[in-house]
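A.B. asks: I would like to see how this sequence folds:
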Amino acid sequence: MPPRAPSALSRFSGLHPATKATSLRCLHTSRPGHASLTTTSPVQASFEGLTKRSSAAPTTSERTTLACLPLSQVLRTYLITSVSSSPTFLAASQNILTRLLSSSSWLTDVERNPLINLALRETFYKQFCAGEDKPSARECMQQLQKIGYHGVILEYALEVLKDAKDADEGKDVEVWRQGLLETIDMARPGDFVGLKWSGLGTAAYKRMRASDKPSPLMDSAMREVCEAAHTKTVHLLPAAEEVNTLDAFHKWTLNMQSAYNRGPAGSIVYSTYQAYLRSTADILSHHLATANKEGFTHGIKLVRGAYLGSEERHFIWDSAEATHANYDGIAAALLRRKFDAPLTAAIPEQKFPEINVMLATHNVATTRKAQAIRKEQVENGEELTPLKYAQLQGMADEVSCELLAEARGIDTADAPQVFKCTTWGTMTQCLNYLLRRAAENKDAAGRTSGSRTAMGQELKRRMFASVGL
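C.D. replies: Numbers count the residues shown, from 1 in each chain. Here you go, the predicted structure:
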């Protein structure tokens, strides 16, 4: 059972089929970052409000919330967000990185040229990545813990590309399996490990597009990874996929959840739901009914969405405001464990199963709404839904630190638990990984003006404080 809040005085068989797209798009390319980050469509233009709202700096005092960050991190974040918030500089920097990563010359090799390696390591790599191996990743994790983070979401940068011409199912599955087992070994109990089912390779991607089951080889690898996570009490976060693979994504995930999300560990396997899709609330409601019927704890990671630039437009809400309303409405229903629009019951007299929730968001308005609900529940002595917040390492620190500041003032179970998502691997692996993620989520890379403003204010505060002003 979820923990019951202390008094105010002490402080997803019933599977709903996802709509399938008819067009094929390979998510990962053999040329990382090849897609332009400056392409704009009418629907993307309608989402400009998303940029403005989610990048707005918190109105509370940054002098207390950002003071926990090392000066080197504040400076690095200010530098990188100054580049990423400019479309011209962002496109130029990605083009340069792409050329460096595809170069065969020693002079421009990111691993062999010490000057280039040092420059990239002290900027992009340190900003977004945990390290190259277990010791360096553990050191980064310890630093995040010192700042106040509850844990990390670890992702392995080496991926099997779905459009690889020399694809071999056996080799692809083994790369995926071994990488995840290493990542689980790095993680601490209670941490999360990110993964993609499509990362099993080209054969897996084709099966997902056909709404087919994983092959026996894939299924065996998936279960081995889930078993390792279950043994260590590490949680797995299958990342969102495109609409044309969502039906299989949810089937594969529910299958693993039914097997491993039982007992006191709660949700070992989570599933990801994208609020910018019109079908999300309906799909989630059916999955909640399935979890209740089969008796497993449903782990839910809620995101706004990562494929705005590639999905067919009729799948997506018409405006940023509609996406915000859908996200916040679903989040509120989950936290209160009550069906309410947009998350309505899929069957008559539907009951909520045991759930664990992760709100993965860089939107300060969303985190504040969620925290307001939690405070209300605490004051009323209501049962609390296990909740975690997540942001990417190197991004939205002003949102994360506001939650951390709130957590420092609460000693009880209702304190916010904040996680940072980070990547481990070599310099080349990690930079390629970051470029692929940027190509998938074209609008998010530029949604950093709020972070730049917050870091600029923090630098100014520290400068004045150093001279006694």
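A.B. asks: Just the CA atoms of the helix or strand hosting Pro135, as CSV, please.
C.D. replies: Taking DSSP states H and E as the criterion, Pro135 maps to helix 134-147. The C-alpha coordinates for helix 134-147 follow below in CSV (Å, rounded to 0.1, in the frame of the first residue of the first chain):
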residue,chain,number,x,y,z
LYS,A,134,31.5,2.5,-13.2
PRO,A,135,33.9,4.5,-11.0
SER,A,136,33.4,7.8,-12.8
ALA,A,137,29.6,7.2,-13.0
ARG,A,138,29.5,6.5,-9.3
GLU,A,139,31.4,9.6,-8.5
CYS,A,140,28.9,11.7,-10.5
MET,A,141,26.0,9.9,-8.7
GLN,A,142,27.6,10.8,-5.4
GLN,A,143,27.9,14.4,-6.3
LEU,A,144,24.2,14.5,-7.3
GLN,A,145,23.4,12.9,-4.0
LYS,A,146,25.3,15.6,-2.1
ILE,A,147,23.3,18.3,-3.8
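A.B. asks: I'd like to check the angle between whichever helix or strand comes after that helix and helix 134-147, please.
C.D. replies: Once helix 134-147 ends, the next helix or strand along the chain (criterion: DSSP H and E) is strand 151-156. If you take axes from the mean of the first three to the mean of the last three C-alpha atoms, to 10 degrees, strand 151-156 sits at 150 degrees to helix 134-147.
A.B. asks: which residues touch Cys401?
C.D. replies: By C-beta atoms under 8 Å, 6 or more residues apart in numbering, Cys401 lies in contact with 65-66, 68-69. Bear in mind the C-beta positions are built from the backbone N, C-alpha and C, glycine included.
A.B. asks: Mind checking what secondary structure it has?
C.D. replies: Classification of Cys401 by DSSP: H, G, I helix; E, B strand; the rest coil places it in helix.
A.B. asks: For it, give me the pLDDT.
C.D. replies: With respect to pLDDT, Cys401 has a value of 96.
A.B. asks: Same check on the one 3 residues further on?
C.D. replies: Looking at Leu404, its pLDDT stands at 96.
A.B. asks: What distance do you get for it to Glu241?
C.D. replies: 31 Å (C-beta to C-beta, to the nearest Å).
A.B. asks: same question, Pro189
C.D. replies: Pro189 is 28 Å from Glu241, by C-beta to C-beta.
A.B. asks: More neighbours: which of the two?
C.D. replies: Counted by other C-beta atoms under 10 Å, Pro189 and Glu241 do not tie: Glu241 has more neighbours, with 26 against 11.
A.B. asks: Am I right that the more buried one falls within a helix?
C.D. replies: No - counting by three-state DSSP, Glu241 is not found in a helix; it is coil.
A.B. asks: residues in contact with Asn113?
C.D. replies: 106-107.
A.B. asks: for Phe296, that is, sorry about that
C.D. replies: So Phe296 contacts 257-258, 261-262, 353-354 (C-beta under 8 Å, 6+ apart).
A.B. asks: Could you provide those in a markdown table, with additional columns for neighbour count and secondary structure?
C.D. replies: Shown next, in a markdown table, are the contacts of Phe296 (neighbours: other C-beta atoms under 10 Å; DSSP: H, G, I helix; E, B strand; the rest coil):
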| residue | neighbour count | secondary structure |
| --- | --- | --- |
| Gln257 | 28 | helix |
| Ser258 | 17 | helix |
| Asn261 | 27 | coil |
| Arg262 | 17 | coil |
| Pro353 | 19 | coil |
| Glu354 | 20 | coil |
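A.B. asks: quick one: the strands in the protein?
C.D. replies: For the chain, applying DSSP state E gives strands covering 129-131, 151-156, 192-195, 235-238, 270-274, 298-303, 355-360, 387-392, 418-424.
A.B. asks: Now mean neighbour count too, for those, in TSV please.
C.D. replies: Output for those, formatted as TSV (neighbours: other C-beta atoms under 10 Å):
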stretch	mean neighbour count
strand 129-131	26
strand 151-156	25
strand 192-195	24
strand 235-238	26
strand 270-274	25
strand 298-303	25
strand 355-360	22
strand 387-392	23
strand 418-424	24
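A.B. asks: can you put those in a markdown table and add mean pLDDT and distance to Ile283?
C.D. replies: Below are those laid out as a markdown table (pLDDT from 0 to 100; distance: least, C-beta to C-beta, whole Å):
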| stretch | mean pLDDT | distance to Ile283 |
| --- | --- | --- |
| strand 129-131 | 95 | 32 |
| strand 151-156 | 97 | 23 |
| strand 192-195 | 98 | 20 |
| strand 235-238 | 99 | 15 |
| strand 270-274 | 98 | 7 |
| strand 298-303 | 98 | 11 |
| strand 355-360 | 98 | 15 |
| strand 387-392 | 97 | 21 |
| strand 418-424 | 97 | 23 |
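A.B. asks: So, low pLDDT: which residues of the stretch 151-300 of the chain?
C.D. replies: For the stretch 151-300 of the chain, the stretches flagged by pLDDT under 70 are 160-165.
A.B. asks: Apply 80 and report the result again.
C.D. replies: Within the stretch 151-300 of the chain, the segments meeting pLDDT under 80 span 159-167.
A.B. asks: Would you state the helices of it in chain order?
C.D. replies: Secondary structure of the stretch 151-300 of the chain, counting by DSSP state H, counting those that start in this stretch: helices at 169-186, 202-209, 216-232, 243-260, 280-294.
A.B. asks: what's the closest of the ones you listed to Leu158?
C.D. replies: For these, distance to Leu158 was read as C-beta to C-beta. The smallest value, 5.7 Å, belongs to helix 169-186.
A.B. asks: Now tell me what touches the closest one from outside.
C.D. replies: If you take C-beta under 8 Å, 6+ apart as the criterion, helix 169-186 is touched by 134, 137-138, 154-156, 158, 160, 164, 193, 195, 199-204, 215, 217-218, 221, 224-225, 228-229, 232, 234, 424.
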